[in-house]
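S.K.: Model the following, please.
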Amino acid sequence: MKVTEGITLYDVLGVTAGASADTLRYAHDKRLRQLRPGLEAGAPALVAAATARAREAVQAAWLVLGDPELRHRYDTRLGLYRDRGLRGSPGFAEGAARSGADPYDLMRAADGLLDADLWHSLTALAAWMAPLPAPPPRRITVPDLRGLFYRPCQAVATMAGFRLASVQLTPDPMAVEGLVVKQSPPPGTVVRRQSPLTVQVWHPPRATARPH
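M.R.: Now for the predicted structure:
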């Protein structure tokens, strides 16, 4: 399973990016218990497809996040470890990176050493050089949430700018986190920000519960 853009391997396991190795292992094992073969017996075909997709994603997430070196590379690619540099023109950023200094650190160090006029000029220049945050796009692409557990799905959808609604498929569910098996609009649809996104969530039925 290729993880959809906007959904991280941490989302697949339902943990934060700063989770410890023990937390990652616990989350991985817990997910696999919830996805063990047989729990979806008798469920519609879309449930079997979603559980297989989720099982593959959980195993792929563990292969990366369970290995310290691969996890570090993945975090770097996500931008979780970014070099500190000057926000502004590339030339200034390169100079700051070479010196190892952050301009805002330098400004804080200079506070009290410069006269008031020069200090105000320096802070105004720094504010002018810092780029304004880009406005959020008006139209967004619907991510593929199938095979994701509900809580991470909720976080991803909210952060992306959707109004999430859920439909529970199992009349008498086990007391475990549900799995997203279908969604509307379908993945890849381009919609306006704050559009509704409805997901169908499946839980194993209580009658099929087995002892751990």
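
S.K.: so where's the longest helix in this structure?
M.R.: Ranked by residue count under DSSP state H, the longest helix found in the chain is helix 45-65.

S.K.: what's the helix or strand following it packed up against?
M.R.: Sequence-wise, the next helix or strand downstream of helix 45-65 (DSSP states H and E) is helix 68-78. Contact here means 3 or more Cβ pairs under 8 Å, 6 or more residues apart in numbering; DSSP states H and E; on that basis helix 68-78 packs against helix 45-65. Quick note: C-beta positions are derived from backbone N, CA and C, even for glycine.

S.K.: Tell me what angle the helix it packs on forms with helix 68-78.
M.R.: 110 degrees (axes from the mean of the first three to the mean of the last three Cα atoms, to 10 degrees).

S.K.: Any buried residues in helix 45-65, and which?
M.R.: With burial defined by 16 or more other Cβ atoms under 10 Å, the residues of helix 45-65 counted as buried are Val47, Ala50, Thr51, Arg53, Ala54, Arg55, Ala57, Val58, Ala61, Trp62, Val64, Leu65.

S.K.: Can you show me the helices along the chain?
M.R.: 9-13, 21-34, 45-65, 68-78, 90-99, 103-110, 116-129, 150-160.

S.K.: if we can go back for a sec, ok, and what's touching the longest helix of the chain?
M.R.: Applying Cβ atoms under 8 Å, 6 or more residues apart in numbering, the external contacts of helix 45-65 come out as 1, 3, 9-10, 12-13, 24, 28, 31-32, 35, 39-40, 70-71, 74, 146-149, 169, 179-182, 202.

S.K.: Show me which of these are buried.
M.R.: Applying 16+ other Cβ under 10 Å to these flags 1, 3, 9-10, 12-13, 24, 28, 31, 35, 39-40, 71, 74, 146-149, 169, 179-182, 202 as buried.

S.K.: Report pLDDT for the closest residue to Arg71 other than its chain neighbours.
M.R.: Sequence neighbours aside, Leu65 is the residue nearest to Arg71 in space, at 5.0 Å (criterion: Cβ to Cβ, 6 or more residues apart in numbering). On pLDDT, Leu65 comes in at 95.

S.K.: Quick check: Leu65 vs Leu179, distance?
M.R.: Remark: distance between Leu65 and Leu179 (Cβ to Cβ, to the nearest Å) = 20 Å.

S.K.: what does Cys153 give?
M.R.: Distance, Cys153 to Leu179, using Cβ to Cβ: 9 Å.

S.K.: For the residue nearest to Thr141 when sequence neighbours are not counted, give me its contacts.
M.R.: Counting by Cβ to Cβ, 6+ apart, Thr141 lies nearest to Val190, which is 5.4 Å off, once chain neighbours are set aside. Neighbouring residues of Val190 by Cβ under 8 Å, 6+ apart: Arg139, Ile140, Thr141, Val142.

S.K.: which phi and psi does the last one have?
M.R.: It stands for Val142. Note on Val142: backbone dihedrals following degrees, to the nearest 10 are phi -70, psi 120.

S.K.: Perfect, I'm done here.
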